[in-house]
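K.L.:
3D model of this:
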Amino acid sequence: MTTAKTVAAMTWSRQLAAKAARAARAATAKNPAATAKAAAAKASAKPVARKTAAKRAPGKKSPTKPPAPPKKLASPYLARTLKERDEALGATLPRVHGALDDEAIHDMRVAIRRMRTILKLARPIYGRFLADAVRRDFTNVQQATGALRDEEVLGETLEGVSVKDAPFVTWRKRRHVRDRALRATVVQSLREGALDRARKMLEALI
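P.N.:
Predicted structure coming up:
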């Protein structure tokens, strides 16, 4: 009984498929233009499907432009910043040589300190050896001006003191003489190129 039902179902399926095939052939005969258009669309869709499948294939990624390395992004910024710091430093030199501006030494030291800080941060970009070599020359100038700046700060602190005691007045005079001697030494050192060497090394670095 079961076998008879199975045979009957298979026969019915074949008959249904045959009817569908005959109906498709009849439709093609009636409208060949639409059939040709459908075939063309199907043919053009195959490459796209293959291309899409290839893109989605596991383990394969579409080629993309790699991001720029961090060093290439940071280097122009650091170079520009160091040039700006160098210009700010250069602007203080005429004031230092003039010896008439009480804040000239302070401003020069601030500019040098900022330069040294940036160079320290730039070690991964320019290399520790080269960055530290430039920093060392700037450090030498800053250390050479330290004593003078201390005398300037001391003088500013004592300006409001009105003590007339003879030993104190004598001590104040000695401090003033020391201030002038240190200033002359710093100015002479700058004229001999103590800072020029550091700035030239910086220019070569960036």
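
K.L.:
helices of the protein, start to end?
P.N.:
Taking DSSP state H as the test, the helices found in the chain are 2-30, 32-55, 70-98, 104-121, 123-126, 128-144, 146-158, 166-191, 194-205.

K.L.:
hey, least reliable of those by pLDDT?
P.N.:
Ranked on mean pLDDT, the bottom entry among those is helix 32-55, at a mean of 50.

K.L.:
which ones are touching the closest residue in space to Phe138 that isn't next to it in sequence?
P.N.:
The shortest distance from Phe138 to any non-neighbouring residue, by Cβ to Cβ, 6 or more residues apart in numbering, is to Ala198 (4.7 Å). Glycine gets a C-beta too; all of them are placed from N, C-alpha and C. Residues in contact with Ala198 (Cβ atoms under 8 Å, 6 or more residues apart in numbering) are Val134, Asp137, Phe138, Asn140, Val141.

K.L.:
isn't the last one up against Leu195?
P.N.:
It refers to Val141. Yes - using Cβ atoms under 8 Å, Val141 is in contact with Leu195, at 5.1 Å.

K.L.:
number of residues surrounding Ala88?
P.N.:
When counting by other Cβ atoms under 10 Å, one arrives at 15 neighbours for Ala88.

K.L.:
now do the contacts for it.
P.N.:
Ala88 sits next to Ala111, Arg114 when contact means Cβ under 8 Å, 6+ apart.

K.L.:
likewise Ile125?
P.N.:
Contacts for Ile125 (Cβ under 8 Å, 6+ apart) come out as Lys71, Ala74, Ser75, Leu78, Ala131.

K.L.:
so how far is Thr92 from Asp107?
P.N.:
Going from Asp107 to Thr92 by Cβ to Cβ, to the nearest Å gives 5 Å.

K.L.:
higher neighbour count, these two?
P.N.:
For Asp107 and Thr92, the more surrounded residue by other Cβ under 10 Å is Thr92, and the numbers stand at 21 against 16.

K.L.:
now Ser189: how far from Gly127?
P.N.:
From Ser189 to Gly127 the distance is 28 Å (Cβ to Cβ).

K.L.:
need the contacts of Ile125 in a markdown table (columns: neighbour count and distance to Glu103).
P.N.:
Compiled in a markdown table, the contacts of Ile125 are given as follows (neighbours: other Cβ atoms under 10 Å; distance: Cβ to Cβ, whole Å):
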| residue | neighbour count | distance to Glu103 |
| --- | --- | --- |
| Lys71 | 11 | 38 |
| Ala74 | 14 | 33 |
| Ser75 | 15 | 34 |
| Leu78 | 19 | 28 |
| Ala131 | 22 | 29 |
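
K.L.:
next, format those as CSV and append distance to Glu87.
P.N.:
CSV is the format used below for these (distance: Cβ to Cβ, whole Å):
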residue, distance to Glu87
Lys71, 24
Ala74, 20
Ser75, 19
Leu78, 15
Ala131, 19
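
K.L.:
I appreciate the help and will end here.
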